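My questions are about this predicted structure, shown below with the sequence.
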Amino acid sequence: MSFIAVIPARAASTRLPDKPLLDIGGKPMVVRTAEQAARSRAARVVVATDDERVAAAARRHGIEALLTRGDHPTGTDRLAEVVQRLGLAPDAVVVNVQGDEPLIDPGHIDEVAELLQRAPDAAIATCATPITDAAVLFNPNAVKVVCDRAGRALYFSRAPIPWARDALSDGARRLADGLPALHHIGIYAYRARFLSLFPTLEAGTLERFESLEQLRALENGYSIAVHVTKNHPAAGVDTQEDLVRIREIFANRL
């Protein structure tokens, strides 16, 4: 299995300015994330950023960095530029690792890359884990996915899907027995040819309403393979509270 891990990292953030550069145990967050990615079986780990400071921080720690354009609307568009700049073959597998996940499980990176290589009909592979808490099912910030029998995504939503009509008929918020509810984990493997095509795809109505970029692929007829794992992912860093928690984890490790 051969693949490349790319870490899109924008410095601009409304809640945490300069987020990739924030210190975690003596190293910038983007470096901690890249070090986790390097523990996967990726043949190459590249930080893709629009900020020279982020690129310089990565390089100081021996991590390959590519300075990309600043006008990309999504991380996937940034990956498309990386594919072009690195001259990757159409069949090359690229795993998108979010730059604010310094505790990402390297096994999840390997799993989505391997799944895509086993699924020639899919343009993308991603990951999900069974939902065991009703609070997650009804949380709009937790994205859910439903799949067909072949493990291909039918739909992603912020809504509680699938909807257990009978179990929820009384208005209660509970998990129905045996409900195949899956919490989507935001890690993706792509074929380079699809990444090159992605910027040309029109954003659809579902993507705009749900604000979920992966729906663009489904709305345009592309298949997404889903790996279901029981290993729940560690939370990323979106807020100051997340940052404090992550720093405490690394301080205990060190």
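Sure thing, it's come through.

what are the pairing partners of the top strand by length along the chain, and which direction each?
Secondary structure of the chain read by DSSP state E shows that its longest strand is strand 182-191. Partners of strand 182-191 in the sheet, by DSSP bridges, are strand 93-96 (antiparallel), strand 124-130 (antiparallel), strand 144-147 (antiparallel).

following the second one, which helix or strand comes up?
This means strand 124-130. Going down the chain from strand 124-130, the next helix or strand is helix 134-137, by DSSP states H and E.

Can you give me the buried ones in that following helix?
Within helix 134-137, the residues scored as buried using 16 or more other C-beta atoms under 10 Å are A134, V136, L137. Quick note: C-beta positions are derived from backbone N, CA and C, even for glycine.

what does stretch 200-218 give?
L201, E207, E210, L212, E213, Q214, L215, R216, A217, L218.

residue ranges with poor pLDDT in this structure?
1, 14, 254 (pLDDT under 70).

Domain ranges for it, per the record?
Following automatic domain parsing, the chain resolves into domains at 1-104, 114-188+199-233.

From one end of the longest one to the other, what's the distance?
Distances were taken as C-alpha to C-alpha, to the nearest Å; on that basis the terminal residues of domain 114-188+199-233 are 18 Å apart.

same deal with stretch 115-135?
29 Å.

now that stretch, how far from the chain's geometric center?
11 Å (C-alpha atoms, centre = their mean, to the nearest Å).

With stretch 99-109 instead?
On C-alpha atoms, centre = their mean, the centre of stretch 99-109 falls 9 Å from the chain's centre.

got a list of contacts for that stretch?
Outside stretch 99-109, the residues that touch it by C-beta atoms under 8 Å, 6 or more residues apart in numbering are 5, 7-10, 19-20, 24, 29-30, 32-33, 36-37, 39-42, 47, 95, 97-98, 127, 185, 187, 229, 231, 233-238, 246, 249-250.

and H108, what helix or strand is that in?
Secondary structure from DSSP H and E places H108 in helix 106-118.

who's in contact with the spatially closest residue to N220 that is not a sequence neighbour?
Ranked by C-beta to C-beta, 6 or more residues apart in numbering and with sequence neighbours excluded, the top spatial neighbour of N220 is L201, at 5.0 Å. Residues in contact with L201 (C-beta under 8 Å, 6+ apart) are R216, A217, N220.

Rebuild those residues as CSV, extending it with secondary structure and distance to R85.
Converted to CSV, those look like this (DSSP: H, G, I helix; E, B strand; the rest coil; distance: C-beta to C-beta, whole Å):
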residue, secondary structure, distance to R85
R216, helix, 22
A217, helix, 22
N220, coil, 24
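
For those, give me TSV that also has distance to E114.
What follows is the contacts of L201, written out as TSV (distance: C-beta to C-beta, whole Å):
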residue	distance to E114
R216	24
A217	20
N220	25
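
Could I get the full set of strands for the protein?
Along the chain, the stretches classed as strands by DSSP E are 4-9, 23-24, 27-28, 44-49, 64-67, 93-96, 124-130, 144-147, 153-157, 182-191, 224-228.

And the third one, how far out from the chain middle?
Strand 27-28 sits 21 Å away from the centroid of its parent chain (C-alpha atoms, centre = their mean).

now stretch 20-30
On the basis of C-alpha atoms, centre = their mean, stretch 20-30 sits 19 Å off its chain's mean C-alpha point.

And stretch 227-234, by the same measure?
13 Å.

circling back to that earlier point, winner for burial among the strands paired with strand 182-191?
Comparing the strands paired with strand 182-191 by mean neighbour count (mean count of other C-beta atoms under 10 Å), strand 93-96 ranks first with a mean of 25.
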